[in-house]
Every structure is written in C-alpha cells, then in structure tokens.
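In: Quick one: sequence plus predicted model below, questions after.
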Amino acid sequence: MGLFDKLFKRNKEQEVAKETLDKGLEKTKESFFSKITKAVAGKSTVDAEVLDSVEDALIMADVGVATTIEIIKRIEDRVAKDKYLGTSELNRILQEEMANLLADAPSQEYQNFDLPAKKPYVILVVGVNGVGKTTTIGKLAYNFKRTGKDVLLGAADTFRAAAVNQLTIWSERVGVAIVKKEQGSDPASVAFDTVNSGVAKGSDVIIIDTAGRLHNKAHLMDELNKIKRVIQKVIPDAPHEVLLVLDGSTGQNALEQAKQFMQTTDVTSLAITKLDGTAKGGVVLAIAHQFKIPVKYVGVGEKMQDLQVFNKYEFVDSLFSLKN
C-alpha cells in the first residue's frame, strides 16, 4: 500500500487507471530508485553524502535544478529538526515533500473529465509539432464523449495537411464531428466556422487544434490572437481554456517549450504526454512547480483511456510504488 492510498477509495475503473499510471512511470521510478538505493547503501542516517546522491537522482529524473534544490532544502530542514532521521525513512520523506511541493504550486484539482457548466465549452489546444497534440485532442474527445458530452473538433492547423488528416482519423475513430477545410486555409476561419457550428448544434465541448510552429513566434502569436478574436465574435468569453501540450520524454526541453508558449499566448492548463517509455517523468514535478499553471492531464500509454486527469498524490504515489 502506498503512502497516499488512504486518501483514496478507488472504484474498479480508477484502480485500472492507477495501475496504468504505475506502469507508465516504471522507467522513471526504476532509474530514480536505483540511484536512491545506492545512495543509502551502508548508511544509517541521512547525511550530506546521501543528500548529494538524492540530488543527483532527482536531476537525472529531469526534476530540474530549481525544483531539486527546493526538495533537498525541505529534506535538510526535516533532518535538522530530527537528528535521528534514518535512511529507512527517506522514501517516505521524499514522497511527502514532493506532494507538499506540488500542493504549494498553484493548481486546480480535477475529478475525471469534468467540465464547467458552460455550453459550449471551448478549448484551444497549442503545442509544437511532434509532442502528441493531435493525439491528445483525440483522446480528450474520447474521454469527454465517454462521459456523455457532445464533442466537436476544429482542424485549425491548416499549415500541414497531415495534421488535418490525422485529426479526421481521430474524429472517425472516436465518433465525433469535425469541421475542416483544405490545407492552407485561414486557421481563424476554421475556428470561426467550428464555433458557429458548435453553437448551432448544441455541442457541449469544442476542441480546436492549432498550428505548432515556434520558429516565428510573432507570426504564431498573431495567428492565435486572430483565432481568439473571431471565436469571441460568436462566444465573447471564449476560448474558456488554452491547453498547452508538452512531450514529457523531452525532459528539460519541455520546460523551454512551455516558456516559449507562455510568452506567446495565455496558456491556462497543461497536458504532459509520452511519460510511458521514458525515465524523465520527473519533469512533471518541475513543470508543476515552476509555472503558475496547473497540469491537467498526463499521457501514460497509447490507448485512448491512457490520457489521465492529473492527480498530484496519485502521481507521487506511483513514483514510489515499485513492485517487489
């Protein structure tokens, strides 16, 4: 049983999701724990040498320098208060301080794939090409539909024909409607038509894909601002959410992408993908700690249900739930 298991009474579906999260974070936690195990070998107390090794393990898991320093400082404070703190307690302390750090970060708790009582609720999805943006949109559509929502997709990444084609395939796979135009069309016109259509048909949620180009930030900013303006002609307070998708397997590069996009547009939430198959899952801690924006979703597998709502306690618990 994990440290935080007592916080949750999971149903069968939630248990399956937790097992998927555990499996998706296996490479990160195995790499992390091998270093922690070496750090405490032959030690009875948490001393400077142990803390140095813990620091190295956190850095290697892509927790990031700033976040690692904060975690180590918190452990040092606890060691100073309790002179008899032993290495046998180190895992528990790490779990508690990681969770405390995430609790300190500005965040919003989400339960399942709930949506605010706005109809239609408009989500603008941004992110560079290759991070899993279109796949994330498809998985979001699946999960929203699964909860009984009427979903409409907008293929406003008209820069690449492949993006429109991929989103079309996802719309067919999930069984939701899509608004699209030919490659090279004005992205704002696609967004406008999508929102108009969503209002007319009474959609619960509208998800709009956008171009993933960062090589010309000024152009991207102009394009995103234009999309927002035309959407607001139909729904004045839209978009209700700007979701930035980041590839967790790129580690610190994901942090840099986040900085770039936050300079370009008003990001309100984050989705971190591809955490399965990488030892860099600690980047979620770094992103959640460093930015004043909540991590809302994490991707831990290829299946449509493997995009999960982020829960900081479940995440930290999975990092420490090694099988015997």
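Out: That came through fine.

In: CA atoms for contacts and neighbours, from now on please.
Out: OK.

In: How many neighbouring residues does A80 have?
Out: If you count neighbours by other CA atoms under 10 Å, A80 ends up with 11.

In: Mind giving me the packing neighbours of the helix or strand hosting it?
Out: Using DSSP states H and E, A80 sits within helix 65-81. Other helices and strands packing on helix 65-81, by 3 or more CA pairs under 8 Å, 6 or more residues apart in numbering; DSSP states H and E, are helix 48-60, helix 90-104, helix 283-290.

In: Would you single out the least confident of those helices?
Out: Among those, helix 90-104 has the lowest mean pLDDT, at a mean of 82.

In: sorry, back to before: L25: which of the helices and strands packed on helix 65-81 is closest?
Out: helix 283-290 (11.2 Å; CA to CA).

In: Mean neighbour count for the helices and strands packed on helix 65-81 - can I get that in CSV?
Out: Output for the helices and strands packed on helix 65-81, formatted as CSV (neighbours: other CA atoms under 10 Å):
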stretch, mean neighbour count
helix 48-60, 18
helix 90-104, 18
helix 283-290, 24
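
In: who wins for proximity to V267 among those helices?
Out: helix 283-290 (13.2 Å).

In: how far does the helix or strand following that closest one sit from the chain's center?
Out: Next helix or strand after helix 283-290 toward the C-terminus (DSSP H and E): strand 295-299. Distance of strand 295-299 from its chain centroid, counting by CA atoms, centre = their mean, to the nearest Å, is 3 Å.

In: which other helices and strands contact strand 295-299?
Out: Contacts defined by 3+ CA pairs under 8 Å, 6+ apart place strand 295-299 against strand 269-273, helix 283-290, strand 307-309.

In: Indicate which one of these is closest to E19.
Out: Going by CA to CA, the one of those nearest E19 is strand 307-309, 11.8 Å.

In: low-scoring stretches of the chain, by residue?
Out: 1-9, 83-85, 105-111, 214-217, 321-324 (pLDDT under 70).

In: Okay, helices next: where are they in it?
Out: Remark: helices assigned in the chain by DSSP state H are 12-24, 26-40, 48-60, 65-81, 90-104, 133-146, 161-174, 187-201, 217-234, 252-264, 283-290, 312-319.
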